[in-house]
Structure formats: structure tokens, C-alpha cells
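Peer 1: any chance you can model this:
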Amino acid sequence: MTRAARVGRVERTTKETSVLVEINLDGTGKVDVSTGVGFYDHMLDQLGRHGLFDLTVKTDGDLHIDSHHTIEDTALALGAAFRQALGDKVGIYRFGNCTVPLDESLAQVTVDLSGRPYLVHTEPENMAPMIGAYDTTMTRHILESFVAQAQIALHVHVPYGRNAHHIVECQFKALARALRYASERDPRAAGILPSTKGAL
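Peer 2: Below is the predicted model of the structure:
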């Protein structure tokens, strides 16, 4: 029996941005990303490659103002596409976690594809405020936006780290793996929805 492809495609257009996101949860990590914010592109590349998601992101935003709208709207569209790709969630593991070191930094990520959006996020204070055109305070907002649209519970904890690049990147790598583990199909649970409520 051939399983249906788990893909999501979302187009989001406002006066501030135009965003296209396509994701295949059962891909090979093929990524084609362009947002105009170099470091953000690098983080989305981590998400696709380490999650083994085929991911296309094309964003045209009002970067003449700053990167906020571009980053936020991309995250919203990505969350919506991820939720769409999950489909009915029958047969998935549902829960996933991963701990990823990056030199002196460490990220611990746990996810529940619960249907209920909730974010807990901690990272070291006093990080460098910018990485290129990327405002480091946006990491939490990216996760908030993604969680709101994906409708998942996400806990991200960075207990230590010094370098801002490392602190942010290990979060995206750990998020990628946790999402991959949670969304993968469990061979022992074929046809079973992983919920005692009968709904996710």
C-alpha cells in the first residue's frame, strides 16, 4: 500500500511580505531557501537538512524597513505548512526530543505534536544583539510564530553558550531533529492516532 505524501504548501501575502513555503516531511533534506536575511536562510537550511524535510522557502519582504516582518511571516507560513503536512497525525510518534551541542553551546528541545500551541523558551541573556541582519531577539518570536500556526507544544532550553551564532544554530538543529522524530511514522502504530482523547 502506497502512503500519501505528507506535504504542505502555504502562500501568505500581505502589504509587508510575500511568502511561499513548501515542505515534504518524508523528504531527504533538499532545501531551497531565500528570504533576503542570510543568517535566517542558514537556520532554515539547518531545519530542512537535519529534519530530513524537503523545504522550499521564498520570501520577498520589506527589508528596507528591517527584517522583522520577513522573519515573522516566514515563520508563520512555515508553521502552517508543517501543520498541513502532518495531516491527520495517524501513526506518528507524536513526541520527540533532541539535545544538540555546538562547541560551547547546548540546546535541548522537546516537542509534542499536540494540536495545542504552547512555547517555553530559555536562552542565555546578554547575547550579541545582531548576527548580520538577524536580530537575535527574533529567535523566540520565530518559535512563537511557528508554534502558533503548527499548533504544537515546544520546549527549547539553552542552558549555556557564549557565541550568539552557536546559541541560535544549535536551537534550530535540535528543533529539526525533534520535529523529525515526532513526525515520523511509528511502524508499531499503523492506523493508530497517538491520543487517548481520539483527537489531536
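
Peer 1: from H64, how far off is the closest residue to Y118 other than its chain neighbours?
Peer 2: Among residues not flanking Y118 along the chain, A153 sits closest, at 4.4 Å (CB to CB, 6 or more residues apart in numbering). Placement of C-beta: from N, CA and C, glycine included. Per CB to CB, to the nearest Å, A153 is found 36 Å from H64.

Peer 1: likewise for L76?
Peer 2: According to CB to CB, L76 and H64 sit 21 Å apart.

Peer 1: repeat that for L102.
Peer 2: Distance from L102 to H64, by CB to CB: 32 Å.

Peer 1: between L76 and H64, which one's more packed in?
Peer 2: More neighbours surround L76 than the other of L76 and H64, with 22 against 5 (other CB atoms under 10 Å).

Peer 1: same question for the helix or strand hosting that one, mean pLDDT?
Peer 2: Secondary structure from DSSP states H and E places L76 in helix 68-86. Here helix 68-86 scores 98 as its mean pLDDT.

Peer 1: low-confidence bits of the protein, can you list those?
Peer 2: 1-2 (pLDDT under 70).

Peer 1: quick one, strands of it?
Peer 2: Remark: strands assigned in the chain by DSSP state E are 7-13, 17-24, 31-34, 54-61, 95-102, 105-112, 118-122, 130-131, 134-135, 153-160.

Peer 1: what's the closest of the ones you listed to M43?
Peer 2: For these, proximity to M43 was assessed by CB to CB; strand 134-135 is nearest, at 8.2 Å.
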